[in-house]
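*Asks:* Have a look; sequence and predicted model below, questions after that.
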Amino acid sequence: MTATTTAGPLSSATHADYLEGLEPVLTAHDISIDYEVDPPVHAVRHASLTLHRGEILGLAGESGCGKTTLAYGLNRLLKPPAILRSGEVTFHDADGTDVDVVALRDDALRAFRWDKVSMVFQGAMNSLNPVISVRKQLHDVMTTHRPQMTRAARDERSAELLALVGVDPARLDSFAHELSGGMRQRVMIAMALALNPQVMIMDEPTTALDVVVQRGILREIMRLREQFRFAVVFITHDLPMLLEISDRIAVMRAGEIVEIDTAESIYTRAQHPYTRELLTAFPSLTGERGSFVRTGRSDETGPSAGTEKGDAS
Ligand SMILES: Nc1ncnc2c1ncn2[C@@H]1O[C@H](COP(=O)(O)OP(=O)(O)OP(=O)(O)O)[C@@H](O)[C@H]1O
């Protein structure tokens, strides 16, 4: 049994059973984050959560509830006027050491980010550098974090990364404008994968894409997670999607995590009125959905179904 959330958010007995024996990879305790503007914005309030090795934790909640701010806090990406008012973030490294993320400075912080915890940002597909080839952008991640790698090794790894995310390695010499939105997003995921992180934080990674491309990319994320066993914090306001892909879901409202539970419990017996309200905001969830909710195995309605590669080929 691992330490888990504080007394704050609602959760079920099923949730407690689920947590039995899981190993934490990232623990956040009592995180409060403000934007120091006038008047101040209390964007995250006393949020606590534990992410376990290899699990997908969905972060749900309407626009402006603090999801991105919390994610930035977990990864030490906050910039003024945002300030971490209180809280602890601990990364439990696979080598057995615990890292106090809030205390990291300079080189140690740079080494932590991307290496241990990487992030796919909201709107990431538009953040590829337009004048640098895909190859150079992948190389840059490795040159910065793995200076000992030879050029040949970087080339080999870059091709491997593109293949992993379902993009033809022939695209290494392409520039962003030569790629579709789905491909650009896959390249961003390849960059986040480059250093074999133990945690990936994905902030609305597929929101700007059409549904077919979205599903192709989700399927790839699920497959990569199976293969490499990294944990994912997946942020989106798309609750139906979260129910489908997540092991657990934390529901945020006005900066607080109000409920955290297994995806199935959230779907079938949500306790917090706000979670129930969110569920009813998606008419597709209130009808007969049968095997819609992720059961821990791939089924025909899950994101690993089908064979289409989106627009990646
Ligand atoms: N730079 C900023 N200065 C002041 N307030 C900010 C700033 N960035 C975000 N906020 C506020 O902090 C709160 C949380 O925003 P945040 O972007 O974390 O929410 P979110 O749930 O990720 O929303 P979305 O889904 O729209 O991205 C909101 O009230 C937002 O207006």
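*Replies:* Here it is on my side, so go on.

*Asks:* What are the contacting residues of the strand or helix carrying residue 119?
*Replies:* Using DSSP states H and E, residue 119 maps to strand 117-120. Around strand 117-120, the neighbours that count as contacts under CB atoms under 8 Å, 6 or more residues apart in numbering are 26, 71, 74-75, 77, 91, 113, 185, 188-189, 191-195, 197-203, 205. Where you see a C-beta, it was placed from the backbone N, CA and C, and this is true even at glycine.

*Asks:* Would you mind listing which of those are buried?
*Replies:* Taking 16 or more other CB atoms under 10 Å as the criterion, what is buried in those is 26, 71, 74-75, 77, 91, 113, 185, 188-189, 191-195, 197-203, 205.

*Asks:* just to revisit the earlier point, beyond the strand holding residue 119, next helix or strand please.
*Replies:* The first helix or strand that comes after strand 117-120 along the chain, using DSSP H and E, is helix 134-145.

*Asks:* now the end-to-end length of stretch 106-122.
*Replies:* 25 Å (CA to CA, to the nearest Å).

*Asks:* now swap in stretch 247-259 and tell me
*Replies:* One end of stretch 247-259 to the other measures 14 Å (CA to CA).

*Asks:* Look up the closest residue to residue 141, ignoring the ones flanking it.
*Replies:* Once flanking residues are discounted, residue 141 sits nearest to residue 194: 4.6 Å by CB to CB, 6 or more residues apart in numbering.

*Asks:* Correct me if wrong: the one you found contacts residue 114.
*Replies:* Yes. Between residue 194 and residue 114 there is a contact under CB atoms under 8 Å: 7.4 Å.

*Asks:* quick one: which of the buried ones among the contacts of strand 117-120 sit in helices?
*Replies:* 71, 74, 185, 188, 189, 191, 192, 193 (DSSP state H).

*Asks:* ok, of those residues, which one's closest to residue 252?
*Replies:* residue 71 (10.8 Å; CB to CB).

*Asks:* Would you check how far apart that closest one and residue 202 are?
*Replies:* 9 Å (CB to CB, to the nearest Å).

*Asks:* can you pull the contacts of residue 131?
*Replies:* Per CB under 8 Å, 6+ apart, neighbours of residue 131: residue 175.

*Asks:* Tell me where this protein has helices.
*Replies:* Going by DSSP H, the chain shows helices at 13-19, 67-74, 106-112, 134-145, 151-164, 181-193, 211-228, 239-245, 263-269, 273-280.

*Asks:* Minimum distance to residue 30: which of those has it?
*Replies:* helix 67-74 (11.4 Å).

*Asks:* what are the phi and psi angles of the residue in the stretch 201-313 of the chain that the ligand sits nearest to?
*Replies:* Nearest residue of the stretch 201-313 of the chain to the ligand: residue 237, at 5.4 Å (CB to the nearest ligand atom). Backbone torsions of residue 237, given as degrees, to the nearest 10, read phi -90, psi 0.

*Asks:* Contact residues of the stretch 151-300 of the chain facing the ligand?
*Replies:* residue 237 (CB under 6 Å from any ligand atom).

*Asks:* where does the stretch 151-300 of the chain dip in pLDDT?
*Replies:* Residues of the stretch 151-300 of the chain meeting the criterion pLDDT under 70: 286-300.

*Asks:* do that again at 80, thanks
*Replies:* Within the stretch 151-300 of the chain, the stretches with pLDDT under 80 are 208, 283-300.

*Asks:* From residue 85, how far out is residue 242?
*Replies:* 27 Å.

*Asks:* and these two? which has more neighbours close in?
*Replies:* Applying other CB atoms under 10 Å to residue 242 and residue 85 shows that residue 242 carries more neighbours, namely 25 against 18.

*Asks:* Surely the more buried one touches residue 58?
*Replies:* Yes. Applying CB under 8 Å, one finds residue 242 in contact with residue 58, separated by 3.6 Å.

*Asks:* list residues touching both of the two?
*Replies:* Shared contacts of residue 242 and residue 58 (CB under 8 Å, 6+ apart): 234, 236, 249, 263.

*Asks:* filter those to the buried ones?
*Replies:* 234, 236, 249, 263.

*Asks:* Now intersect these with the strands, please.
*Replies:* Secondary structure defined by DSSP state E assigns 234, 249 of these to strands.

*Asks:* okay, among the buried ones among the shared contacts of residue 242 and residue 58, which ones form the most distant pair?
*Replies:* Largest pairwise distance in those, by CB to CB, is 13.1 Å, between 236 and 263.
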